[in-house]
Structures are given as structure tokens and as C-alpha cells.
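> can't give you the sequence, but here's the structure:
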Ligand SMILES: [Zn+2]
């Protein structure tokens, strides 16, 4: 677990200036800081009530000053948030998983665990395409991933982020956990980790929790090219309007394990052959009965959306189960368990270019 001071020090380093915002029953209290120590000192004095948030992107101090002057010329003592136009750079790609639950309540432990499984699943999904490890945060009611970035606040970047959020929403939202697809404004706020999140009444089942964040030892930036590539991937995927069902027989006789080109694996036919395909969900997603469902401690929804396969989008197809017993399991584990994936590949893995 990282300390709040460590988190704020990273933020000062990347963003230069941080807005601290306390929301207490609709009342806002706002200040800007260029020192992690000073911010933390003030946050501690405000921590007794309401909820504390900070900005996460780079802010231009002169733009703030100009904005405050202009606003306060109209209304004296007006409380102003950071305007979006004062944000020069996205320092964090922020992904937010929130359990579905009654409005204005805190999460139960089980709901929180579902959000954690999705967040860790997304971190693995992005690690598979070469993204560095994110910081993982617990907001009090859900889970956050924060990737370090340095992306200019431009319409082009905003469009990239929109494509990514929509694509990830399709992959990771279901009737249990919601992936926040809205591309929030650049001056968006994020929980101040280490503070208590107070939402609804504090009950044993739905308690107020102290948020936390875990920052990787070597917290590397995601390269702008990686962000652009992922945006492009999702943009092409949505344009392709992929079919959701396929009627194709396995090609070829069962081969020796490991001979198949798994990017040609017909993952739907493969799961169907094992009697575990439940139904198409959306896009390239299908609900399945998890091969390890006997280990699960909670029941599955009828759509099978707690355990999901993805058809190939050029690379290997994917498998993700949101139950905690399956944390870390990927399509490779299913291949190892069943041992017959090659029979459902239309192509053979070829090491040499020539194959006379
Ligand atoms: Zn499972």
C-alpha cells in the first residue's frame, strides 16, 4: 500500500499543481497546491466530514488565476472549480469500476470484490498488449486503475480516449459491475486516497471505507503510441460490426498440443464443444460457464456474463472470469485444462516462413 504522501508526490511531479476539493452535503471547499506536504496538511484538517477529491491532470496556474478573476468579478467569493481549459495535459488515464447497487449507498464486501476482479482483469488485458503496470486504487466503493501518461489536452486525444472507454465498456461492463465509459472532463476529480469515502448511511453491510492506492515500484508512463494503437483497435472493432454467432466446424483432426495458431482458434466452437457456451453478449463477447465454476462461491447470472470469452480480434481469443477463485486465469489456463484447443484452430502455427 502506498501512503497518501507518496501518491501526492507523484501527482505534483506529473501535474505540477493539484486542486483539493471537499464536497460536504453539496458545499464545496476548494484550494490549489504545488506542495504535496501542504495539501496533505490541509486535507487532514478537512477529513472529518464529507468527501475529499483531487484533480489528476496538469493544470496551468495562470489559466486558473485568470479564470478566478473573471468569475469573481461577477460574483464575489464564488467557489470555482478548475476549468477544463486550464488543463494542459492528461497525466493519468483513469479507469473506474463501480459495482451496480442501490443509489447513494456504499458497496458491500462482495460487490467490492466483483469490481476488483474486473479492474485486475483490465490491467491484465492491457499488460497483454504491452502496457506498463497501473496504480490500483480502492475508492471506498469500487476500484480504479491509474496509468501514467503525458497526453496533450487536444480534440484528437479526447477522441482517442472516447474510443478506448467505449471499447472497454463493452468488454468489461455487465449486470454486476459498471465500467465508467463517460470520458470525463480533463478537470475531473478523483478520490483522495487515504481519506474515508462517505456515501449513504454507514452500516455493517455497507460501510464507509478508507480508500487506498497501490503504486507500482516502477510506475512507467504509457507511450502515446500505445494509447493511439488501443484507440485504433477499438475504433476498427466497432466499425467492423462483428457477427456474434458463427457456424463453423473445427478444421482438421486433433493435432499435437501446441501446434495450432491460436489466433485462428474458434473459441466459440471450442467452448460449445465442451458444453460451456451460454450465449452471445455484445460484439466479440460471449457468456460462458466457467470451467472452474465448481470453485465459485456465488452463483452465475443467466447470461453467463460473470465468465466471458472474446473472439479473436487478430491476436489470441480471450477468457476472463470475474470470480475471485479465477483471478489471474486466462485462455492459456483453459488450454492447459482441456488440452484440445488445436482441434479448433483453422491454421497451424508455422515457425518457418516457407512451408513447401
Ligand atoms: Zn471462474
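Done, it's in. Computed from a prediction, not measured in an experiment: that's the story for all the values here. Numbers count the residues shown, from 1 in each chain.

> for the one helix or strand residue 268 maps to, buried residues please.
Element membership for residue 268 (DSSP states H and E) is helix 267-273. By 16 or more other Cβ atoms under 10 Å, the buried positions in helix 267-273 come out as 267-272. C-betas here are computed from N, CA, C, even on glycine.

> quick one: end-to-end distance for stretch 269-281.
15 Å (Cα to Cα, to the nearest Å).

> now it, how far from the centre of its chain.
26 Å (Cα atoms, centre = their mean, to the nearest Å).

> equivalent analysis for stretch 178-198, please.
12 Å.

> do the same with stretch 147-166
Its chain's C-alpha centre and that of stretch 147-166 lie 14 Å apart, by Cα atoms, centre = their mean.

> which other residues reach it?
With Cβ atoms under 8 Å, 6 or more residues apart in numbering as the test, stretch 147-166 has contacts from 10, 14, 57, 84, 87-93, 95, 126, 131-132, 134, 179-183, 186, 219-222, 224, 227-228, 230-232, 234-235, 238.

> stretch 18-25 now?
Here stretch 18-25 makes contact (Cβ under 8 Å, 6+ apart) with 8, 11-12, 28-34, 39, 42-43, 46, 49-55, 59, 81-82, 187, 189, 192.

> which SSE is immediately downstream of the helix or strand residue 158 falls within?
Secondary structure assignment for residue 158, by DSSP H and E: helix 155-172. Following helix 155-172 in sequence order, the next helix or strand is strand 177-179 (DSSP H and E).

> on contacts alone, who are the packing partners of that following strand?
strand 87-99, helix 109-127, helix 155-172 (3 or more Cβ pairs under 8 Å, 6 or more residues apart in numbering; DSSP states H and E).

> give the pairing partners of that strand; include direction for each.
strand 87-99 (antiparallel) (DSSP bridges).

> so for the strand it pairs with, mean pLDDT?
For strand 87-99, the mean per-residue pLDDT is 95.

> and the residue of the stretch 1-150 of the chain closest to the ion?
For the stretch 1-150 of the chain, the residue closest to the ion is residue 117, as judged by Cβ to the ion, at 9.6 Å.

> which one of the buried residues of helix 267-273 is nearest the ion?
Among the buried residues of helix 267-273, residue 271 lies closest to the ion (Cβ to the ion), at 13.0 Å.

> from the ion, how far off is the nearest residue to that closest one once chain neighbours are set aside?
Nearest residue to residue 271, sequence neighbours excluded (Cβ to Cβ, 6 or more residues apart in numbering): residue 277, at 4.3 Å. Note on residue 277: its distance to the ion, by Cβ to the ion, to the nearest Å, is 15 Å.

> report pLDDT for residue 277.
Predicted confidence (pLDDT) for residue 277: 90.

> for it, what are its contacts?
Counting by Cβ under 8 Å, 6+ apart, residue 277 makes contact with 268, 271, 286, 288.

> for the stretch 151-300 of the chain, which residues are neighbours of the ion?
By Cβ under 5 Å from the ion, the residues of the stretch 151-300 of the chain that approach the ion are 290, 292.

> tell me the SS of residue 45?
At residue 45 the chain is in helix, as set by DSSP: H, G, I helix; E, B strand; the rest coil.

> let the chain start at 41 from now.
From this message on, residue numbering opens at 41, which makes the last subject residue 85.

> run through the neighbouring helices and strands of the helix or strand that contains residue 278.
Assigned by DSSP H and E, residue 278 belongs to helix 264-280. When contacts are defined as 3+ Cβ pairs under 8 Å, 6+ apart, helix 264-280 packs onto strand 183-192, helix 195-212.

> tell me which of the ones you listed is the most buried.
Of all the helices and strands packed on helix 264-280, strand 183-192 has the most neighbours on average by mean count of other Cβ atoms under 10 Å, namely a mean of 21.

> next, the angle from that one to helix 149-167.
40 degrees (axes from the mean of the first three to the mean of the last three Cα atoms, to 10 degrees).

> relative to helix 195-212, how tilted is strand 183-192?
160 degrees.

> domains for this structure, by residue range?
When the chain is parsed with automatic domain parsing, its domains come out as 44-268, 302-384.

> worst average pLDDT in these?
Ranked by mean pLDDT, the domains of the chain bottom out at domain 302-384, with a mean of 86.

> what's the span of that domain, first residue to last?
Start-to-end span of domain 302-384 (Cα to Cα) is 9 Å.

> next: stretch 246-254.
Start and end residues of stretch 246-254 are separated by 23 Å (Cα to Cα).

> how far off centre is it?
18 Å.

> so for that stretch, what gets flagged as buried?
For stretch 246-254, by 16+ other Cβ under 10 Å, it's 246, 248-249, 251-253.
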